[in-house]
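Enquirer: Dropping the sequence and predicted coords here.
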Amino acid sequence: MNAANMVRSMLPLVVICLVIVAWTTFRQGPDVNPIRTIDPSTTVDLAAARASYPILYPQGLGADYRPTSARTDAGGAEPGDPVTLEIGYVTPAEEFAGFVVSDDRRAEPLAKVLDGAKEQGTVDVRGRSWTRSTAGNGETVLSWENGGAIVAVSGSASEEELETVAAAVAPYSG
């Protein structure tokens with residue numbers, strides 16, 4: 001056993017590792033999109049089935065608004081329990097736009113965007129008056145109350161992109 005034998009033993013292993021790394025790197029060209037989209041329909045269906053209020057959510061957004069996450073707390077909800085629905089989107093400008101609807105103002109997703117937000121007036125979006133606020137982190141928040149439910153659209157996206165998401169909010173039709 002000497003150093004030369006060790007080098008001769010290690011050399012094939014190092015070459016194999018370098019080939020695997022190079023093959024993986026070249027296989028992932030600049031055309032690869034690391035953003036994974038999802039279909040939020042089952043989450044929306046569950047929230048609509050358990051909510052005591054008419055579920056609203058963005059519908060008819062173009063393909064350039066890609067849903068990347070969807071959550072609801074309706075899984076274990078009993079009749080009359082509050083239900084919250086969240087959907088996250090990547091916008092055409094590669095920014096984040098988050099949508100939340102809940103009949104519980106204290107629900108964590110709503111509280112996260114609305115608590116501490118400073119109202120900056122209103123904005124008209126397709127005939128609905130949305131409250132425009134600025135969150136503590138500087139992001140724009142658009143919120144609207146519909147009966148007993150509160151709808152919020154927020155994120156790092158531009159105000160124009162957030163208004164596009166807000167304009168797409170419509171009642172769930174099943």
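Expert: Done, it's in. Residues are numbered from 1 along each chain as shown.

Enquirer: Find the helix or strand that residue 120 is a member of.
Expert: Per DSSP states H and E, residue 120 falls inside strand 118-125.

Enquirer: Pull out the buried residues from the next helix or strand after that strand.
Expert: For strand 118-125, the following helix or strand on the C-terminal side (DSSP H and E) is strand 128-134. Buried residues in strand 128-134, counting neighbours by 16 or more other Cβ atoms under 10 Å, are found at 130-133. Any C-beta I mention is one placed from the backbone N, CA and C, and that applies to glycine too.

Enquirer: same thing with stretch 101-119?
Expert: 101-104, 107, 109-110, 113-114, 117.

Enquirer: closest to residue 12 among these?
Expert: Nearest to residue 12 out of these is residue 109 (Cβ to Cβ; 53.3 Å).

Enquirer: can I assume the closest one is in contact with residue 86?
Expert: Yes: between residue 109 and residue 86 there is a contact under Cβ atoms under 8 Å: 5.0 Å.

Enquirer: ok so, going back, can you pick out the most distant pair from the buried residues of stretch 101-119?
Expert: 103 and 117 (19.2 Å).
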